[in-house]
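**Student:** coords please:
(one chain, ligands or ions: 3)
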Amino acid sequence: MAPVPISTINVGHIDDVQELRKFKPNTIPQRFIRDIQERPTQATALISSSDIPTIDLSKLLKGNRDEILHLISACEEWGFFQVINHGIALNLLENIEEKAMEFFRLPLEEKQKYQMAPGTVQGYGQAFVFSEHQKLDWCNMFALGVIPDSIRNNLLWPKKPTNFSNTVEIYSKEVRKLCQNLLKYIALGLGLKKDLFEEAFGVAVQAIRMNYYPPCSRPDLVLGLSPHSDGSALTVLQQGKGSSVGLQILKDDKWVPVQPIPDAFVINIGDTMEVVTNGRFKSVEHRAVTHKHSDRLSIVTFYAPSYDIELGPMPEFVDKKNPCKYRRYNHGEYSKHYVTNKLQGKRTLEFAKIPTKNSC
Ligand SMILES: COC(=O)C(/C=C/C1=C(C)CCCC1(C)C)=C/O[C@H]1C=C(C)C(=O)O1
Ligand SMILES: O=C(O)CCC(=O)C(=O)O
Ligand SMILES: [Fe+2]
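**Tutor:** Ligands and ions are numbered 1, 2, ... in the order given. Below you'll find the model as predicted:
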C-alpha cells in the first residue's frame with residue numbers, strides 16, 4: 001500500500017528558509033529555535049569522523065575478501081560508511097548537483113508550482129510537519145518518487161531547470177545499480193546467497209530528496225534536519241562539493257560529524273536492513289546541522305522494498321540466542337506509518353518492534 005496524503009492537518013505558517021536568509025538574514029523565527037536539549041552543541045566526538053569506514057567498491061567487485069568483511073563490519077559497527085571508486089561518472093555527480101542548485105535558485109513562485117502538500121513527502125517544502133506547534137528544520141527540500149511509476153507524481157517533476165528530470169533519471173539508474181551491488185556484497189559477506197535481499201525486496205522503491213541548507217546566523221539554535229533513522233533498506237547520500245560539514249551520526253550517544261570525502265557517497269543502513277537482519281545491522285540515527293557562513297547541499301536516494309512486500313527478520317538471523325526482535329509487516333504499511341509521523345530519532349521503528357519477552 002502506498003503512503004496516503006493527509007488533508008485535514010494544520011501545519012501553520014512555514015517560512016521558506018532561503019527567503020528568510022535573503023530578506024531577514026539575522027532573524028530566526030521562533031518555530032526554528034530548538035529546545036535546549038535538542039540544540040546542536042559542538043560535536044565533541046571522542047571518535048573522530050575519520051573513523052567512519054571507507055569502502056572501496058572496486059575492491060568489492062574484484063571479490064576482495066578483506067574488503068567484503070570490512071563492509072560487513074561497517075554495517076554492524078557503524079551503520080554508516082563512505083564508498084569510493086564507485087564507478088559512477090564524476091560528471092554525473094556534478095550534473096545532479098548543478099541541477100539541484102539551479103532548482104533551489106529559482107524564484108520562490110516557480111518552486112512553489114511544485115509545492116509539497118501538507119502531510120505528504122513529495123515536492124518542494126518541508127516534509128514531516130504535522131502540526132502548527134512542531135519545530136521546523138533550517139532546510140528547503142525537494143523530493144520525488146522515482147521508481148516504480150506508481151509512486152511518481154508527474155505533476156511534481158519540474159519543467160525548469162532544463163534537463164532536470166533527465167538528469168534525475170540517469171542518476172537514479174546509476175545509484176540503483178550501486179545499491180544492488182552493495183546488497184549483493186553484503187549478502188555474500190554474511191555467507192548468504194548473493195540475491196537474497198534483492199529477491200526479498202521485489203521491485204525496489206526508489207526516491208530522491210535534495211536538501212538545501214542556507215547559512216544560518218545562529219547555527220547553535222537550529223537544526224538543518226531533525227534526528228531520524230531512514231525507513232529505507234539503504235540510503236545513498238551525496239554531499240555537495242564545497243559544502244560545509246553538516247551530517248552527524250549518533251555513535252555511542254555522541255554526535256559524530258561525517259567529513260565529506262571528495263566524490264564519495266555516504267551510505268547508511270536503513271530500518272529495513274535492521275529488521276531483516278534481526279538487529280545485527282543497525283539503522284543509525286543522524287541529523288544535519290547548519291553553518292554560519294556557508295550553505296550546504298545533499299542529494300539523498302532512498303532504496304526500499306516494494307510496497308507489496310511482507311518483511312520480518314529473515315530466518316538466517318534468528319536462533320535461540322537471537323530470538324525475533326521485530327514482527328512481520330507489509331512494507332507499504334510501514335512506509336505509510338513512516339511518512340505520517342514526524343522525524344523523531346528511531347521512533348518509527350517502534351512500529352515493527354515486538355516486546356522482548358515475545359518472539360516470532
Ligand atoms: C527522511 O526520509 C525520507 O524523507 C524518506 C522519504 C522517501 C520517499 C519519498 C521522498 C517519496 C516517495 C516515497 C518515499 C516514502 C520512499 C525516506 O524514505 C524511506 C522511508 C521509507 C518508509 C522508505 O521506504 O524509504
Ligand atoms: O543532509 C544530510 O546530510 C542528511 C540528509 C538525510 O539524512 C536525509 O535526507 O534523510
Ligand atoms: Fe536520513
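
**Student:** And residue 219, what's its pLDDT?
**Tutor:** You'll see residue 219 listed with a pLDDT of 96.

**Student:** What helix or strand is it located in?
**Tutor:** Under DSSP states H and E, no helix or strand contains residue 219.

**Student:** Also residue 171?
**Tutor:** Going by DSSP H and E, residue 171 is part of helix 164-189.

**Student:** list the buried ones in that helix?
**Tutor:** Applying a neighbour-count criterion of 16 or more other Cβ atoms under 10 Å, one finds 164, 167-168, 171-172, 174-176, 178-189 buried in helix 164-189. Where C-beta positions appear, they are placed from N, C-alpha and C, glycine not excepted.

**Student:** And for stretch 303-311?
**Tutor:** Using 16+ other Cβ under 10 Å as the test for burial, stretch 303-311 gives 303-307, 309, 311.

**Student:** do stretch 257-268 as well
**Tutor:** For stretch 257-268, burial by neighbour count (16+ other Cβ under 10 Å) applies to 257-258, 260, 264-268.

**Student:** Show the end-to-end separation of it, please.
**Tutor:** In stretch 257-268, first residue to last residue: 14 Å (Cα to Cα, to the nearest Å).

**Student:** How about it and ligand 1, any contact?
**Tutor:** No: Stretch 257-268 lies apart from ligand 1 when judged by Cβ under 6 Å from any ligand atom; the minimum separation is 10.8 Å.

**Student:** Show residues contacting that stretch.
**Tutor:** Residues outside stretch 257-268 that contact it (Cβ atoms under 8 Å, 6 or more residues apart in numbering) are 43, 45, 49-50, 52, 54-55, 79-84, 86, 90, 93, 178, 182, 230, 234-239, 241, 243, 245, 247-249, 283-284, 286.

**Student:** Can you turn the buried part of those into a ChimeraX selection?
**Tutor:** One line in ChimeraX is enough to select the buried ones among the contacts of stretch 257-268; burial here means 16+ other Cβ under 10 Å:
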select :45,49,52,55,79,80,81,82,83,86,93,178,182,230,234,235,236,237,238,239,243,245,247,248,249,283,284,286
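
**Student:** Of the contacts of stretch 257-268, which are in range of ligand 2?
**Tutor:** The subset of those within reach of ligand 2, by Cβ under 6 Å from any ligand atom, is 230, 237, 247, 286.

**Student:** Could you show which parts of the stretch 151-300 of the chain are in contact with ligand 2?
**Tutor:** With the criterion set to Cβ under 6 Å from any ligand atom, the stretch 151-300 of the chain comes near ligand 2 through 209, 211, 225, 230, 237, 246-247, 286, 288, 298, 300.

**Student:** Mind checking which of those residues are in strands?
**Tutor:** 209, 211, 225, 237, 247, 286, 288, 298, 300 (DSSP state E).

**Student:** and of these, the nearest to residue 22?
**Tutor:** Nearest to residue 22 out of those is residue 211 (Cβ to Cβ; 18.3 Å).

**Student:** What residues are bridge-paired with the closest one?
**Tutor:** Beta-bridge partners recorded for residue 211 (DSSP bridges): residue 141, residue 298.

**Student:** from memory it sits against residue 138, does it?
**Tutor:** No: here residue 211 lies out of contact with residue 138, judged by Cβ atoms under 8 Å, at a distance of 10.4 Å.

**Student:** quick one, what contacts the residue in the stretch 251-360 of the chain that ligand 1 sits nearest to?
**Tutor:** Closest contact between the stretch 251-360 of the chain and ligand 1, by Cβ to the nearest ligand atom, is at residue 304 (3.1 Å). By Cβ under 8 Å, 6+ apart, the contact set of residue 304 is 201, 204-207, 231-233, 270, 272, 331, 335.

**Student:** Go through those and give me the one with the most neighbours.
**Tutor:** residue 233 (30 neighbours; other Cβ atoms under 10 Å).

**Student:** So which of the contacts of residue 304 are in strands?
**Tutor:** Of the positions in the contacts of residue 304, 205-207 sit in strands, assigned by DSSP E.

**Student:** Return the member of these nearest to ligand 2.
**Tutor:** Of these, the one sitting nearest to ligand 2 (Cβ to the nearest ligand atom) turns out to be residue 207, at 10.1 Å.

**Student:** Kindly state the beta-bridge partners for the closest one.
**Tutor:** residue 145, residue 302.

**Student:** my read: it touches residue 151, true?
**Tutor:** Yes: with contacts counted by Cβ under 8 Å, residue 207 reaches residue 151, the gap being 7.2 Å.

**Student:** Can you name the residue of the stretch 151-300 of the chain nearest ligand 1?
**Tutor:** Closest approach between the stretch 151-300 of the chain and ligand 1, counting by Cβ to the nearest ligand atom: residue 231, at 2.7 Å.

**Student:** neighbours around the nearest residue to that residue once chain neighbours are set aside, how many?
**Tutor:** Counting by Cβ to Cβ, 6 or more residues apart in numbering, residue 231 lies nearest to residue 338, which is 4.0 Å off, once chain neighbours are set aside. By other Cβ under 10 Å, the residues close to residue 338 number 23.

**Student:** do the same with the one 4 residues further on
**Tutor:** Using other Cβ under 10 Å, the number of residues around residue 342 comes to 15.

**Student:** pLDDT wise, what is it at?
**Tutor:** As predicted, residue 342 sits at a pLDDT of 88.

**Student:** how near is it to residue 161?
**Tutor:** Residue 342 is 31 Å from residue 161, where distance means Cβ to Cβ, to the nearest Å.

**Student:** if we can go back for a sec, export the buried residues of stretch 257-268 to a markdown table and append columns for pLDDT and secondary structure.
**Tutor:** Shown next, in a markdown table, are the buried residues of stretch 257-268 (pLDDT from 0 to 100; DSSP: H, G, I helix; E, B strand; the rest coil):
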| residue | pLDDT | secondary structure |
| --- | --- | --- |
| 257 | 92 | strand |
| 258 | 93 | coil |
| 260 | 92 | coil |
| 264 | 96 | coil |
| 265 | 97 | strand |
| 266 | 97 | strand |
| 267 | 98 | strand |
| 268 | 98 | strand |
